[in-house]
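# just coords:
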């Protein structure tokens with residue numbers, strides 16, 4: 001509620017409802033497809049094998065989420081609140097693992113750490129090690145997904161740190177509390193929305209991943225769904241499994257909402273927040289640098305080095321390379337457009353959730369996270385069904401592809417934007433309206449500029465995700481519209497791994513340019 005009003009203005013709830021209607025399309029398709037089969041599909045869903053897959057999926061989600069928070073929280077604090085050398089470089093490098101597709105990362109892990117991989121070959125000569133422990137299974141999937149997805153938490157927590165009023169921490173220290181006490185009892189509780197939003201994204205990303213878990217042979221719900229969609233003529237069981245995945249995603253979202261509580265995370269003062277004083281690391285500077293370097297080395301430098309090795313190996317073997325500049329342009333164009341569309345769609349939902357919580361905002365917010373948990377192929381097939389039957393002019397157009405990206409990736413944008421809105425006192429908006437501004441003008445001129453770090457973080461997250469999205473792009477792209485992700489997949493699927501390495505490196509480079517620009521413009 002803002003300004004004593006319990007009913008949101010039409011400029012907020014009308015677009016929010018339209019966004020909710022778009023998000024419902026895949027869910028309606030799955031429900032119709034599942035219930036058309038009658039009771040047979042339920043007998044299949046309640047088998048013991050499905051229960052085992054559910055247990056493995058939940059275990060992977062919990063461990064990857066916990067590991068990502070452990071890596072991201074100190075990294076975000078070091079790059080935001082301390083005098084860490086080369087902070088801006090560490091910020092960009094720590095976010096870039098998001099652009100590495102999980103199917104590329106899975107193969108890199110197998111090629112590097114597999115029983116007969118590159119590491120074993122380098123140890124064979126000097127040490128006589130002829131075989132390493134098998135990296136396939138839970139351990140390989142957990143480590144791969146953790147180092148791919150910790151930037152979700154890193155970016156949302158950084159956005160939260162940039163919005164915290166330093167007066168709260170200064171008041172704690174003024175009362176005689178030390179730095180550690182202030183961090184654990186003042187700063188950390190204020191970061192709870194950012195940690196929860198980032199952790200939710202990690203959990204849902206892990207829930208929906210297919211590339212890493214399939215290559216590393218760890219059977220989860222998503223792998224089972226893809227097998228049904230790809231190998232079975234009847235896709236009813238795949239739809240039923242996807243619907244079960246929706247229920248699991250909603251349960252995870254419910255846990256995040258419960259952990260969020262009803263606390264407020266903004267200062268009771270309406271004054272403008274000022275930048276906090278930098279914490280001097282002193283003798284801890286070198287351990288902090290080593291920590292950042294180790295994370296970047298494992299999550300980014302090692303994969304890029306292996307990709308570079310494949311390119312060099314391909315060149316030495318006479319492999320023909322074609323620089324796919326058209327695919328680079330298409331990828332950057334569609335990713336920037338989709339990121340802007342997702343942020344615009346997230347704004348009314350976030351405003352409704354934070355300022356006007358109620359019977360409409362709750363379901364809309366939870367619904368926005370469903371697409372992120374579903375496999376891209378399920379979303380794509382639902383939109384193919386919708387486009388072919390009810391909107392033929394949209395079929396195989398960029399518009400339908402953009403709609404798929406918004407359904408898939410609105411949740412990262414919503415998490416980052418919502419975190420920023422939570423930390424803005426409604427008194428600021430009330431003051432703007434008391435001066436005669438309309439709710440829309442007050443929102444545009446006051447709230448949006450203050451929430452800029454969260455909006456930038458949301459844009460960057462969606463941009464990076466769209467750059468590497470594969471199933472929806474393959475199915476829904478207009479004829480002749482190739483991206484870097486589809487170029488990588490077409491080469492890798494034919495076992496031309498050296499040929500796939502070059503577009504993979506271009507994918508990382510193309511994503512790094514706008515991400516670097518955004519991060520360097522952040523308020524320090």
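Now that the structure is in, tell me what you want to look at. All values reported here derive from a predicted model rather than from experimental measurement.

# I figured residue 385 was touching residue 29, is that so?
Yes: counting by C-beta atoms under 8 Å, residue 385 does reach residue 29; the two are 5.6 Å apart. (C-beta placed from N, C-alpha, C; glycine too.)

# So which of these two has more stuff around it?
Here residue 385 and residue 29 are compared on neighbour count by other C-beta atoms under 10 Å; more neighbours surround residue 29, at 20 against 16.

# ok, the more buried one - contacts?
Residues in contact with residue 29, defined by C-beta atoms under 8 Å, 6 or more residues apart in numbering, are 239, 381, 382, 385, 386.

# Count the residues that sit near the first one.
Other residues within reach of residue 239 by the criterion other C-beta under 10 Å amount to 26.

# and what of the last one?
Using other C-beta under 10 Å as the criterion, residue 386 is surrounded by 19 other residues.

# so which helix or strand takes in it?
Using DSSP states H and E, residue 386 sits within helix 376-390.

# so what secondary structure elements neighbour the longest helix seen in the chain?
Secondary structure of the chain per DSSP state H: the longest helix is helix 48-81. Using 3 or more C-beta pairs under 8 Å, 6 or more residues apart in numbering; DSSP states H and E, the elements in contact with helix 48-81 are helix 87-95, helix 138-163, helix 192-208, helix 221-231, helix 236-260, helix 285-296.

# Make JSON lines out of the ones you listed and add mean pLDDT and distance to residue 504.
Formatted as JSON lines, the helices and strands packed on helix 48-81 follow (pLDDT from 0 to 100; distance: least, C-beta to C-beta, whole Å):
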{"stretch": "helix 87-95", "mean pLDDT": "86", "distance to residue 504": "17"}
{"stretch": "helix 138-163", "mean pLDDT": "88", "distance to residue 504": "14"}
{"stretch": "helix 192-208", "mean pLDDT": "85", "distance to residue 504": "19"}
{"stretch": "helix 221-231", "mean pLDDT": "74", "distance to residue 504": "21"}
{"stretch": "helix 236-260", "mean pLDDT": "74", "distance to residue 504": "28"}
{"stretch": "helix 285-296", "mean pLDDT": "92", "distance to residue 504": "18"}
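
# Which among those is found nearest to residue 14?
Residue 14 sits nearest to helix 236-260 of all the helices and strands packed on helix 48-81, at 23.8 Å, using C-beta to C-beta.

# Give the other helices and strands that the closest one contacts.
Using 3+ C-beta pairs under 8 Å, 6+ apart, helix 236-260 sits against helix 10-35, helix 40-45, helix 48-81, helix 192-208, helix 221-231, helix 361-368, helix 370-373, helix 376-390.

# ok, of those helices, where does mean pLDDT dip lowest?
Of all the helices and strands packed on helix 236-260, mean pLDDT reaches its minimum on helix 40-45 (a mean of 64).

# coming back round to it: nearest to residue 296, out of the helices and strands packed on helix 236-260?
With C-beta to C-beta as the criterion, residue 296 lies closest to helix 48-81 of those, at 9.4 Å.

# about what we covered before: for residue 482, which of the helices and strands packed on helix 48-81 is the nearest?
For these, distance to residue 482 was read as C-beta to C-beta. The smallest value, 21.6 Å, belongs to helix 221-231.
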